[in-house]
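*Asks:* sequence and predicted structure below; questions after.
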Amino acid sequence: GAVVSQHPSRVICKSGTSVKIECRSLDFQATTMFWYRQFPKQSLMLMATSNEGSKATYEQGVEKDKFLINHASLTLSTLTVTSAHPEDSSFYICSASGLAGGHIQYFGAGTRLSVL
Amino acid sequence: GQQVMQIPQYQHVQEGEDFTTYCNSSTTLSNIQWYKQRPGGHPVFLIQLVKSGEVKKQKRLTFQFGEAKKNSSLHITATQTTDVGTYFCAGRDMRFGAGTRLTVKP
(Lines give C-alpha, C1' and ligand atoms only; values in the text may rest on other atoms or scores of the structure.)
Protein backbone atom coordinates (compact mmCIF):
# COMPACT_ATOMS: atom_id res chain seq x y z
CA GLY A 1 0.00 0.00 0.00
CA ALA A 2 0.89 3.66 -0.14
CA VAL A 3 3.31 5.09 2.38
CA VAL A 4 2.72 8.10 4.57
CA SER A 5 5.54 9.34 6.73
CA GLN A 6 4.83 11.35 9.87
CA HIS A 7 7.52 13.11 11.82
CA PRO A 8 8.37 13.34 14.64
CA SER A 9 7.04 10.19 16.22
CA ARG A 10 7.34 11.60 19.68
CA VAL A 11 7.92 15.06 21.08
CA ILE A 12 8.16 16.39 24.59
CA CYS A 13 8.02 20.13 25.01
CA LYS A 14 7.55 22.81 27.60
CA SER A 15 4.29 24.61 28.01
CA GLY A 16 4.08 27.66 25.76
CA THR A 17 6.25 26.36 22.96
CA SER A 18 5.04 25.53 19.47
CA VAL A 19 5.40 22.14 17.88
CA LYS A 20 5.33 21.33 14.18
CA ILE A 21 4.33 17.90 12.90
CA GLU A 22 4.98 16.88 9.31
CA CYS A 23 3.00 14.47 7.21
CA ARG A 24 4.39 13.34 3.87
CA SER A 25 2.98 11.06 1.23
CA LEU A 26 6.01 9.27 -0.16
CA ASP A 27 4.75 7.53 -3.25
CA PHE A 28 1.53 9.22 -4.29
CA GLN A 29 0.02 12.64 -4.65
CA ALA A 30 -2.20 13.39 -1.71
CA THR A 31 -4.89 15.76 -2.81
CA THR A 32 -6.40 15.65 0.65
CA MET A 33 -4.84 15.20 4.05
CA PHE A 34 -6.61 14.71 7.32
CA TRP A 35 -5.46 15.42 10.84
CA TYR A 36 -6.81 13.45 13.76
CA ARG A 37 -6.37 13.48 17.47
CA GLN A 38 -6.67 10.33 19.51
CA PHE A 39 -6.92 10.04 23.26
CA PRO A 40 -5.98 6.77 24.96
CA LYS A 41 -8.39 3.97 24.15
CA GLN A 42 -10.65 6.28 22.21
CA SER A 43 -11.52 6.78 18.60
CA LEU A 44 -9.88 9.12 16.15
CA MET A 45 -11.36 12.59 16.28
CA LEU A 46 -11.14 14.44 13.01
CA MET A 47 -9.59 17.84 13.58
CA ALA A 48 -9.35 19.22 10.08
CA THR A 49 -9.28 18.39 6.43
CA SER A 50 -6.76 20.05 4.19
CA ASN A 51 -6.69 20.21 0.44
CA GLU A 52 -3.53 21.13 -1.37
CA GLY A 53 -3.30 24.81 -2.06
CA SER A 54 -6.34 25.85 -0.08
CA LYS A 55 -7.19 26.62 3.51
CA ALA A 56 -7.94 23.75 5.81
CA THR A 57 -11.48 23.03 6.91
CA TYR A 58 -11.64 22.69 10.65
CA GLU A 59 -14.11 20.63 12.62
CA GLN A 60 -16.40 22.32 15.06
CA GLY A 61 -14.64 23.04 18.32
CA VAL A 62 -11.13 22.92 16.86
CA GLU A 63 -9.35 26.25 17.13
CA LYS A 64 -7.73 27.09 13.83
CA ASP A 65 -5.40 29.61 15.43
CA LYS A 66 -4.28 26.95 17.87
CA PHE A 67 -3.77 24.19 15.34
CA LEU A 68 -2.26 25.69 12.22
CA ILE A 69 -2.41 23.50 9.15
CA ASN A 70 -0.50 24.07 5.98
CA HIS A 71 -0.84 21.92 2.88
CA ALA A 72 1.55 23.60 0.51
CA SER A 73 2.21 20.70 -1.82
CA LEU A 74 0.69 17.43 -2.93
CA THR A 75 3.07 15.51 -0.72
CA LEU A 76 3.35 17.55 2.45
CA SER A 77 1.04 18.85 5.12
CA THR A 78 2.07 20.28 8.46
CA LEU A 79 0.24 20.73 11.73
CA THR A 80 1.60 23.29 14.15
CA VAL A 81 0.36 23.24 17.70
CA THR A 82 0.91 26.80 18.83
CA SER A 83 1.64 27.72 22.43
CA ALA A 84 1.13 24.17 23.53
CA HIS A 85 -0.30 23.43 26.96
CA PRO A 86 -0.56 20.18 28.92
CA GLU A 87 -4.15 19.66 27.75
CA ASP A 88 -2.83 19.50 24.18
CA SER A 89 -0.93 16.36 25.06
CA SER A 90 -2.27 13.64 22.83
CA PHE A 91 -1.63 11.32 19.92
CA TYR A 92 -1.90 13.16 16.61
CA ILE A 93 -2.28 11.16 13.41
CA CYS A 94 -2.34 12.32 9.84
CA SER A 95 -3.73 10.52 6.85
CA ALA A 96 -3.54 11.17 3.17
CA SER A 97 -5.70 10.24 0.26
CA GLY A 98 -5.48 10.80 -3.44
CA LEU A 99 -7.63 10.40 -6.47
CA ALA A 100 -5.55 7.52 -7.71
CA GLY A 101 -6.25 5.57 -4.54
CA GLY A 102 -10.00 5.91 -4.61
CA HIS A 103 -10.07 8.13 -1.53
CA ILE A 104 -8.67 5.44 0.68
CA GLN A 105 -6.86 6.92 3.63
CA TYR A 106 -3.30 5.96 4.33
CA PHE A 107 -2.18 6.81 7.81
CA GLY A 108 1.07 8.04 9.21
CA ALA A 109 2.49 6.36 12.28
CA GLY A 110 1.34 9.19 14.53
CA THR A 111 3.02 11.70 16.81
CA ARG A 112 2.78 11.44 20.55
CA LEU A 113 2.93 14.94 22.01
CA SER A 114 3.64 15.45 25.67
CA VAL A 115 3.51 18.99 26.99
CA LEU A 116 5.09 19.52 30.39
CA GLY B 1 -21.70 15.69 8.36
CA GLN B 2 -22.35 12.00 8.49
CA GLN B 3 -22.16 10.37 11.87
CA VAL B 4 -21.52 6.70 12.28
CA MET B 5 -22.26 4.77 15.45
CA GLN B 6 -20.38 1.61 16.15
CA ILE B 7 -21.17 -1.25 18.52
CA PRO B 8 -20.08 -2.95 20.63
CA GLN B 9 -17.40 -0.79 22.17
CA TYR B 10 -15.51 -3.78 23.51
CA GLN B 11 -15.54 -7.47 22.75
CA HIS B 12 -13.55 -10.15 24.48
CA VAL B 13 -13.61 -13.59 22.91
CA GLN B 14 -11.95 -16.92 23.34
CA GLU B 15 -9.65 -17.82 20.49
CA GLY B 16 -11.64 -19.68 17.88
CA GLU B 17 -14.90 -17.86 18.58
CA ASP B 18 -16.49 -15.57 16.04
CA PHE B 19 -16.67 -11.79 16.33
CA THR B 20 -18.90 -9.16 14.77
CA THR B 21 -18.88 -5.38 14.93
CA TYR B 22 -21.63 -3.17 13.57
CA CYS B 23 -21.62 0.30 12.13
CA ASN B 24 -24.81 2.37 11.77
CA SER B 25 -25.43 5.72 10.20
CA SER B 26 -28.37 8.07 10.48
CA THR B 27 -27.95 9.01 6.85
CA THR B 28 -27.24 7.12 3.67
CA LEU B 29 -23.56 6.50 3.14
CA SER B 30 -21.98 6.83 -0.28
CA ASN B 31 -19.39 4.33 0.84
CA ILE B 32 -17.93 2.92 4.01
CA GLN B 33 -14.40 2.01 4.90
CA TRP B 34 -13.07 -0.31 7.57
CA TYR B 35 -9.77 0.09 9.35
CA LYS B 36 -7.86 -1.88 11.95
CA GLN B 37 -5.61 -0.35 14.56
CA ARG B 38 -3.33 -2.63 16.50
CA PRO B 39 -2.42 -1.59 20.06
CA GLY B 40 0.19 1.14 19.84
CA GLY B 41 -0.14 1.36 16.08
CA HIS B 42 -1.92 3.44 13.51
CA PRO B 43 -5.07 2.60 11.53
CA VAL B 44 -4.60 0.40 8.52
CA PHE B 45 -7.10 0.27 5.70
CA LEU B 46 -8.95 -3.03 5.38
CA ILE B 47 -11.65 -2.52 2.79
CA GLN B 48 -14.09 -0.15 1.15
CA LEU B 49 -17.72 -0.99 0.38
CA VAL B 50 -19.63 1.02 -2.15
CA LYS B 51 -22.62 -0.92 -3.48
CA SER B 52 -25.90 -1.55 -1.71
CA GLY B 53 -25.93 -5.06 -0.25
CA GLU B 54 -22.28 -5.60 -1.07
CA VAL B 55 -20.45 -8.45 0.61
CA LYS B 56 -16.69 -8.82 0.50
CA LYS B 57 -14.46 -11.41 2.06
CA GLN B 58 -10.84 -11.35 3.09
CA LYS B 59 -9.90 -14.79 4.38
CA ARG B 60 -11.70 -15.03 7.73
CA LEU B 61 -13.12 -11.50 7.52
CA THR B 62 -16.51 -10.82 5.94
CA PHE B 63 -17.69 -7.29 5.32
CA GLN B 64 -21.28 -6.35 4.51
CA PHE B 65 -22.93 -3.15 3.40
CA GLY B 66 -26.64 -2.87 4.10
CA GLU B 67 -29.25 -2.63 1.39
CA ALA B 68 -30.14 0.89 2.48
CA LYS B 69 -26.44 1.82 2.75
CA LYS B 70 -26.96 2.94 6.31
CA ASN B 71 -25.25 0.10 8.10
CA SER B 72 -22.32 -2.20 7.74
CA SER B 73 -20.79 -5.09 9.59
CA LEU B 74 -17.46 -6.83 9.92
CA HIS B 75 -17.50 -10.48 10.91
CA ILE B 76 -14.43 -12.47 11.83
CA THR B 77 -14.72 -16.24 11.81
CA ALA B 78 -12.66 -18.27 14.27
CA THR B 79 -10.71 -15.41 15.80
CA GLN B 80 -6.98 -15.67 16.32
CA THR B 81 -4.72 -13.70 18.64
CA THR B 82 -3.47 -11.79 15.63
CA ASP B 83 -6.95 -10.30 15.25
CA VAL B 84 -6.48 -8.26 18.42
CA GLY B 85 -6.96 -4.55 17.86
CA THR B 86 -9.58 -1.89 17.39
CA TYR B 87 -11.76 -1.98 14.31
CA PHE B 88 -13.11 1.30 13.00
CA CYS B 89 -15.59 2.17 10.31
CA ALA B 90 -15.56 5.51 8.53
CA GLY B 91 -17.91 7.22 6.15
CA ARG B 92 -17.00 9.22 3.09
CA ASP B 93 -16.42 12.33 5.19
CA MET B 94 -13.67 10.40 7.02
CA ARG B 95 -15.24 10.68 10.43
CA PHE B 96 -14.65 7.51 12.35
CA GLY B 97 -16.97 5.49 14.47
CA ALA B 98 -16.03 4.94 18.09
CA GLY B 99 -14.41 1.65 17.21
CA THR B 100 -14.72 -1.84 18.63
CA ARG B 101 -11.80 -3.07 20.68
CA LEU B 102 -11.31 -6.79 20.26
CA THR B 103 -9.30 -8.85 22.68
CA VAL B 104 -8.72 -12.55 22.18
CA LYS B 105 -7.90 -14.98 24.91
CA PRO B 106 -5.60 -17.80 23.76
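*Replies:* Now that the structure is in, tell me what you want to look at. Because the structure is a prediction, the values reported are computed rather than measured.
*Asks:* and whichever helix or strand residue A:71 is part of, how far from the chain's centre?
*Replies:* In this structure, residue A:71 sits in strand A:67-73 according to DSSP states H and E. Relative to the centre of its chain, strand A:67-73 is centred 9 Å away, using CA atoms, centre = their mean, to the nearest Å.
*Asks:* could you pick out the residues of chain A near chain B for me?
*Replies:* Proximity of chain A to chain B, by CB under 8 Å from any CB of the partner chain, involves residues A:1, A:34, A:36, A:41-46, A:49, A:93, A:95, A:102-110. Backbone N, C-alpha and C define where each C-beta goes, glycine included.
*Asks:* list buried residues within the residues you listed.
*Replies:* If you count burial by 16 or more other CB atoms under 10 Å in any protein chain shown, the buried members of the residues of chain A next to chain B come out as A:34, A:36, A:43-46, A:49, A:93, A:95, A:103-108, A:110.
*Asks:* in helices, which of those fall?
*Replies:* Secondary structure from DSSP state H places none of these in helices.
*Asks:* of all these, the one with the weakest confidence?
*Replies:* The member of these with the lowest pLDDT is residue A:103, at 71.
*Asks:* distance of the residue nearest to residue B:67 when sequence neighbours are not counted from residue B:72?
*Replies:* Spatial nearest neighbour of residue B:67, chain neighbours left out: residue B:53 (4.9 Å); criterion: CB to CB, 6 or more residues apart in numbering or on different chains. For residue B:53, the distance to residue B:72 equals 11 Å [CB to CB, to the nearest Å].
*Asks:* residues contacting the strand holding residue A:71, please?
*Replies:* The contact list for strand A:67-73, computed with CB atoms under 8 Å, 6 or more residues apart in numbering or on different chains, reads A:33, A:35, A:47-48, A:50-54, A:56, A:58, A:77-82.
*Asks:* repeat that with 7 Å
*Replies:* Outside strand A:67-73, the residues within contact range by CB atoms under 7 Å, 6 or more residues apart in numbering or on different chains are A:33, A:35, A:47-48, A:50-52, A:56, A:77-82.
*Asks:* I'd like the mean pLDDT over stretch A:73-92, please.
*Replies:* The pLDDT scores in stretch A:73-92 average 94.
*Asks:* okay, buried residues for that stretch please.
*Replies:* By neighbour count on 16+ other CB under 10 Å, the buried set for stretch A:73-92 is A:74-79, A:81, A:84, A:88-92.
*Asks:* tell me how many other residues crowd residue 28.
*Replies:* No chain in the question, so chain A it is. Residues within reach of residue A:28, counting by other CB atoms under 10 Å in any protein chain shown, total 19.
*Asks:* wrong one, I was asking about chain B
*Replies:* Residue B:28 has 12 neighbours, counted by other CB under 10 Å.
*Asks:* might you report the residue contacts of the nearest residue to residue A:65 once chain neighbours are set aside?
*Replies:* Spatial nearest neighbour of residue A:65, chain neighbours left out: residue A:82 (7.1 Å); criterion: CB to CB, 6+ apart. With contacts defined as CB under 7 Å, 6+ apart, the neighbours of residue A:82 are A:18, A:66, A:68.
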